[in-house]
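Visitor: Requesting a structural model of the entry that follows:
(one chain, ligands or ions: 1)
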Amino acid sequence: MKHGLVLDKVVLLGRTLDEYCRYFDFDPDGLRGEAILDVASGVSSFCAEANRAGLQVTACDPIYELPADDIRRRCGPDLDLVLGAVRGLKTYHWDFYRTPEHLRGFRERAYRTFLDDYQERGAERYRTGRLPTLPFADGQFDLTLVSYLLFAYEDQLDYELHKRSVLELMRVTRKEVRIYPTVTFEAVRSGHLDRLQEDPELGHLGLELVSTDFEFLVGSNNYLRVYRR
Ligand SMILES: C[S@@+](CC[C@H](N)C(=O)[O-])C[C@H]1O[C@@H](n2cnc3c(N)ncnc32)[C@H](O)[C@@H]1O
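Guide: This next block holds a predicted model:
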């Protein structure tokens, strides 16, 4: 029996720059001058806020084939679905967000900021792409981030997708890839992670868990760092 959040699709939920800093444990000032890619960026405001703060971020997601109004129409219902479902679950720590209502404020701020920037900057900043294939050149970015797609949606995305995605993310990245979280919505370590770490076809890569001090989904206080050995 499931104890955590049960979703039958990948939802359109967006986080803010502040949340990305906590998930991936970075200080934006330390990333100045780096070419950063956010994959599965969806309606997150990370790209918009980070560029406004002087960073160089490109976002990539399948939904960027859609006009802003179509994306906007999905944001409210997906947010209502998740907020209705997480209430009372034992798989979340509420010390940071306090209540579902307070969490709603973060998510609404994220998608509204995203939508404004998406309408203004379009394809220059927001590129359509779906893992395990990315529309970028080899080594185009210094750092690539993936938040709340791989591992979390283990039930919907199989091992082959994860493996091909890690190889593709590393193809377009010069330095390192960071993936968050490494647990599923059941708040258990993803089984795909163990297989990736043991897969001989990924033997040229280091896959290391890096601890952080942020934990909403239980067990999500680390990210996976992938680098070339
Ligand atoms: C829960 S949202 C996460 C958004 C953002 N990364 C964040 O943490 O705020 C998941 C996103 O993954 C996107 N997505 C679904 N399948 C994908 C795939 N195969 N490759 C890349 N993105 C995908 C969805 O369109 C959606 O925007």
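Visitor: Can you tell me which residues in this structure are near the ligand?
Guide: 10-15, 39-42, 44, 61-63, 130-131, 147-149 (Cβ under 6 Å from any ligand atom). Quick note: C-beta positions are derived from backbone N, CA and C, even for glycine.
Visitor: Not counting its neighbours along the chain, what's nearest the residue in the chain positioned nearest to the ligand?
Guide: Closest to the ligand within the chain is G42: 2.3 Å, counting by Cβ to the nearest ligand atom. Closest residue to G42 apart from its sequence neighbours, by Cβ to Cβ, 6 or more residues apart in numbering: D61 at 5.1 Å.
Visitor: The residue of the chain closest to the ligand contacts G14, doesn't it?
Guide: Yes. Because the distance of 5.7 Å satisfies Cβ atoms under 8 Å, G42 is recorded as touching G14.
Visitor: beta partners for the nearest residue to N51 once chain neighbours are set aside?
Guide: Nearest residue to N51, sequence neighbours excluded (Cβ to Cβ, 6+ apart): V57, at 5.5 Å. When bridges are called by DSSP bridges, V57 pairs up with I36.
Visitor: my guess is V57 meets V39, correct?
Guide: No. Counting by Cβ under 8 Å, V57 stays clear of V39, with 11.3 Å between them.
Visitor: Pull out the buried positions in the lowest-mean-pLDDT helix or strand in the chain.
Guide: Lowest mean confidence among the helices and strands of the chain (mean pLDDT, DSSP states H and E): helix 68-86, at a mean of 95. Residues of helix 68-86 classed as buried by neighbour count (16 or more other Cβ atoms under 10 Å): A68, I71, R72, R74, C75, D78, L79, L81, V82, L83, A85, V86.
Visitor: just stretch 173-191 next, same as before
Guide: Neighbour-count burial for stretch 173-191 [16+ other Cβ under 10 Å]: 173, 176-187, 189-190.
Visitor: Also stretch 187-203?
Guide: Applying 16+ other Cβ under 10 Å to stretch 187-203 flags A187, R189, S190, H192, L193, L196, D199, L202 as buried.
Visitor: Please list the members of these that lie in helices.
Guide: H192, L193, L196 (DSSP state H).
Visitor: In strands, which of the residues of the chain next to the ligand fall?
Guide: V39, S147 (DSSP state E).
Visitor: List only buried entries from the residues of the chain next to the ligand.
Guide: 10-15, 39-42, 44, 61, 63, 131, 147-149.
Visitor: Now do the same contact list for the residue of the chain closest to the ligand.
Guide: Counting by Cβ atoms under 8 Å, 6 or more residues apart in numbering, G42 makes contact with L12, L13, G14, D61, I63, F114.
Visitor: can you check L83 too?
Guide: P100, L103, R104, R107.
Visitor: quick one: what helix or strand has the last one in it?
Guide: What it means is R107. helix 100-121 (DSSP states H and E).
Visitor: So which other helices or strands are in contact with that helix?
Guide: In this structure, helix 100-121 packs against helix 46-52, helix 68-86, with contacts taken as 3 or more Cβ pairs under 8 Å, 6 or more residues apart in numbering; DSSP states H and E.
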